[in-house]
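Visitor: Just to be clear, the model below is a prediction. Sequence and coordinates:
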Amino acid sequence: MISPYLKANYLSYTIMSNTNPHLLDDSLLKQVFIHNLNRIYFGKCYLNNHLDHLLHLASFTALQQAIQEFWDDVKKQINRMEEIYLLINETPSDKNCNPIKSIIKDGFCLDDKQDMPILSDMDLIMYLQLLEHLSITSCRMLIMVAKMLKYDDIRQLLTECFDESIDNDQLFLLISKEYLSEN
């Protein structure tokens, strides 16, 4: 449920804005879709090429297993996005993908040695949850645009990516609780 304050501010914004986002035609919507699909696709590809390193940074077995599961899901998501590109007859382009790649490349200084392994593991968990939240948000937006474009098969593929990201976020949350629970 949207709070009355947010709803009122949104309504004020839309009344005062010079353009109405509802006036985008299918051609412009497709450009928006491809632009954002490219960003998340190339972010996932970059992440896929660097997850082995993150896997080896984890000291806790459950975290290593979760990162492996996350990595398997990243590979499935990349495959689904490649299927989406085929369905819309487009080729991935990494033009304008720097913001997401920059977040992924930053890595929270994960290579800095910590005095306690728990600090490194918690940094890893926070970093991976941040990436999953980025994926969740991206998929949510792409699903909305796909619905507007009547891309039903694509919506299903994106929903599967979205669901995996939600599940992985919850998995990392459970592992965090394991670290922080009282024995």
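Guide: Arrived safely, thanks for sending. Residues are numbered from 1 along each chain as shown.
Visitor: Please name the residues that touch S138.
Guide: Residues in contact with S138, defined by C-beta atoms under 8 Å, 6 or more residues apart in numbering, are 36, 39-40. Bear in mind the C-beta positions are built from the backbone N, C-alpha and C, glycine included.
Visitor: Quick one, grab the pLDDT at it.
Guide: S138 is assigned 94 on the pLDDT scale.
Visitor: I'd like the next helix or strand past the helix or strand containing it.
Guide: For S138, the host element (DSSP states H and E) is helix 117-148. Sequence-wise, the next helix or strand downstream of helix 117-148 (DSSP H and E) is helix 152-180.
Visitor: Now do that following helix and helix 117-148, the angle between them.
Guide: 160 degrees (axes from the mean of the first three to the mean of the last three C-alpha atoms, to 10 degrees).
Visitor: Now do the buried residues in helix 152-180.
Guide: Neighbour counts using 16 or more other C-beta atoms under 10 Å place 154-155, 157-159, 161-162, 164-165, 168-169, 171-172, 175-176 of helix 152-180 among the buried residues.
Visitor: Averaged pLDDT, it. What do you get?
Guide: Per-residue pLDDT values over helix 152-180 give a mean of 94.
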